[in-house]
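Peer 1: next comes the sequence, and after it the predicted model I'd like to discuss.
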Amino acid sequence: MEETNIRLSQCMIVKNEEKNIEQALAWGKDIVYEQIVVDTGSTDRTVELAKKMGAKVLHFTWVGDFAAAKNYAIEQAKGNWIAFLDADESFSEKDSKKLMELLKQVDSNPQAAFIRAKMVHLNQDGSVIAVSSQDRVFRNHPDIRYRNRIHEQIYNYGNAKLKCLDAQEDLMILHVGYGMQVDRPQKGLRNAQLLKKELEQDPNNGLLLMYLGDAYDMASQTSEALECYRRVLWDTSIDTSDGLSALQSGLQILRIRSNEPVDDIKDELFKTSERLQELGGGLHPDLDYFKGVWYLKSGQLDQAAVLFENALEKLEWNQDGNVAKMTSNLEIPNRVVAAVALNRRELQKAVRFAVAALRIDRYSEDSIKILLAAFRMEWKEGKSADSYWDFLKQLYDVGNLKDMLILYKFAKELQFDKLEEKVWEVLPEEAKEQLKGNHYDK
């Protein structure tokens, strides 16, 4: 590690993280001053592997309080800055170097105390589920500690001079555990018990009540989850001054109920949306998205497309840090907008949104048909299909048989003969033999 005035302590609390612990420690190995792992009761090889990686391993008796465990880790840190990531989170090698450079720049300013990074939540296949923001790097300062037994947050205890630096454009934390389904019901029930204890001390806390709804939702106790969310949204005795709980509770109501039959949900869906508009959440993309889902399920494609297009536009500049639920399935709104544009012969728009859908799911047959149909309408008899073929080769691999067969299938189905011939030329002979008799013959 190069000589520097920055001493970055990497801290984490763990329990049974043998699958993640080596990667969790690897990102900081060459740049941090020390690595502190606080184990709360592992029964697997987590402790052994952490020690093997050179980390300082400490033990903390679990007392049902995540903040207490994290604060214990902070108290052991000797660095002047702390990076507190979970075992399923990491910086890339590139961003870890950026982090050190950033800390060197801000270290001389004592008011710069928190570094806000972008958090990218990844599915098991590496695809992006959602994006949020997190304050996981901060000064080792006595006024900076975690609070809350569960859904613990780093908190500034009274020092008004300490400020947060927004580095979301430069720093990205990768979170690989967001979409994992393992033990979710059990984890949800555990979280619910911890949150109930918190609520005993602060029964009108809207944020805690929202988190309790999330815990029930994780445990698949849907009716209990909805009861919590509805109280946050409609019960005037609940304190929602945090600016997050009412919006997120309303969005969770929209998400859960959007999966139910359309005739059963319309009243609550639209009342919830109106309530969120009143509370200032009208710019959040999910409001339009979930109403769009309702119109789609009820067969009203034109109305759905308008709302989906609004939602997609809002999503592009959504900067409030609230994870948009629609990010888990962006192919559908793009495809619906493309389909309606195609029906109206707005061909450039159809192509734009069909391509966006295909960048998410390149084998979506409906989206491929929309794209090729738009090309077919635009193509003039007697003209070359070279420009369309060149465009498709940016989306699909000429050397991939699956890619070429699906393009061939729909070029043929749409009677786009010139494009069909282009695909035919690159098919291997074995594929041509199997397709003979079906191939368009000039």
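Peer 2: Received, thanks.
Peer 1: I150 is in what secondary structure piece?
Peer 2: Following DSSP states H and E, one finds I150 outside all helices and strands.
Peer 1: no no, K380
Peer 2: Element membership for K380, per DSSP H and E: none, as it lies in no helix or strand.
Peer 1: okay, now the nearest residue to L301 once chain neighbours are set aside: neighbour count?
Peer 2: Excluding the flanking residues, the one nearest L301 by C-beta to C-beta, 6 or more residues apart in numbering is V340, at 5.7 Å. In short, each C-beta sits where N, CA and C put it, glycine included. Number of residues near V340 (other C-beta atoms under 10 Å) recorded here: 22.
Peer 1: wait, V340 sits on A305?
Peer 2: Yes - counting by C-beta atoms under 8 Å, V340 does reach A305; the two are 3.8 Å apart.
Peer 1: contact partners for the residue nearest to L301?
Peer 2: Contact partners of V340, counting by C-beta atoms under 8 Å, 6 or more residues apart in numbering, are L301, D302, A304, A305.
Peer 1: just flag the most distant two among the residues you listed.
Peer 2: D302 and A304 (7.2 Å; C-beta to C-beta).
Peer 1: and the two? Which one has more around it.
Peer 2: Using other C-beta under 10 Å, the more surrounded residue of D302 and A304 is A304, with 25 against 11.
Peer 1: tell me the contacts of that one?
Peer 2: With C-beta under 8 Å, 6+ apart, A304 has these contacts: G292, V293, Y295, L296, V336, V340.
Peer 1: can I assume it sits in a helix?
Peer 2: Yes - counting by DSSP: H, G, I helix; E, B strand; the rest coil, A304 is found in a helix.
Peer 1: in this structure, which spans are strands?
Peer 2: For the chain, the strands defined by DSSP state E occupy 8-14, 34-39, 56-59, 81-84, 89-91, 112-122, 128-139, 144-147, 153-156, 163-166, 172-175.
Peer 1: of those strands, which approaches S273 most closely?
Peer 2: Closest of these to S273 is strand 128-139, at 20.6 Å (criterion: C-beta to C-beta).
Peer 1: so what does the closest one touch, helix or strand wise?
Peer 2: Packing partners of strand 128-139 (3 or more C-beta pairs under 8 Å, 6 or more residues apart in numbering; DSSP states H and E): strand 81-84, strand 112-122, strand 153-156.
Peer 1: just the angle between the second one and strand 128-139, please?
Peer 2: For strand 112-122 against strand 128-139, the angle by axes from the mean of the first three to the mean of the last three C-alpha atoms, to 10 degrees is 160 degrees.
Peer 1: contacting residues around strand 112-122?
Peer 2: Outside strand 112-122, the residues touching it (C-beta under 8 Å, 6+ apart) are 89, 99, 102-103, 106, 128-139, 141, 144, 154, 156, 159, 162-169, 171-176, 178-179, 323.
Peer 1: given that strand, what are its sheet partners and their directions?
Peer 2: Note on strand 112-122: by DSSP bridges, its sheet partners are strand 128-139 (antiparallel), strand 163-166 (parallel), strand 172-175 (parallel).
Peer 1: adding mean pLDDT, write those strands out as TSV.
Peer 2: Shown next, in TSV, are those (pLDDT from 0 to 100):
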stretch	mean pLDDT
strand 128-139	86
strand 163-166	92
strand 172-175	93
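Peer 1: relative to R275, which of those is closest?
Peer 2: strand 128-139 (23.1 Å).
Peer 1: roughly how far is the closest one from the heart of the chain?
Peer 2: Centroid displacement of strand 128-139 relative to its chain, using C-alpha atoms, centre = their mean, to the nearest Å, is 11 Å.
Peer 1: any buried residues in it, and which?
Peer 2: Neighbour-count burial for strand 128-139, with 16 or more other C-beta atoms under 10 Å as criterion, is recorded at I129, A130, V131, S132, S133, Q134, D135, R136, V137, F138, R139.
Peer 1: ok, the third one touching S328?
Peer 2: No - V131 is beyond contact range of S328, at 11.5 Å (criterion: C-beta under 8 Å).
Peer 1: how far does stretch 74-94 stretch from one end to the other?
Peer 2: Stretch 74-94 has an end-to-end distance of 25 Å (C-alpha to C-alpha, to the nearest Å).
Peer 1: from here on, call the first residue 47.
Peer 2: Sure, I'll start counting at 47 from here, so that last one is stretch 120-140.
Peer 1: now do the buried residues in that stretch.
Peer 2: Buried residues in stretch 120-140, counted by 16+ other C-beta under 10 Å: 120, 123, 125-137.
Peer 1: and if you look at stretch 303-314?
Peer 2: Within stretch 303-314, the residues that count as buried by 16+ other C-beta under 10 Å are R303, S304, V308, I311.
Peer 1: gap between that stretch and the chain center?
Peer 2: Put simply, stretch 303-314 sits 25 Å off its chain's centre (C-alpha atoms, centre = their mean).
Peer 1: same question, stretch 266-276
Peer 2: The chain centroid and the centroid of stretch 266-276 are separated by 22 Å under C-alpha atoms, centre = their mean.
Peer 1: in it, what's buried?
Peer 2: By neighbour count on 16+ other C-beta under 10 Å, the buried set for stretch 266-276 is Q267, E270, A271, L272, C274, Y275, R276.
Peer 1: measure the first one to N117 for me?
Peer 2: As defined by C-beta to C-beta, to the nearest Å, Q267 lies at a distance of 31 Å from N117.
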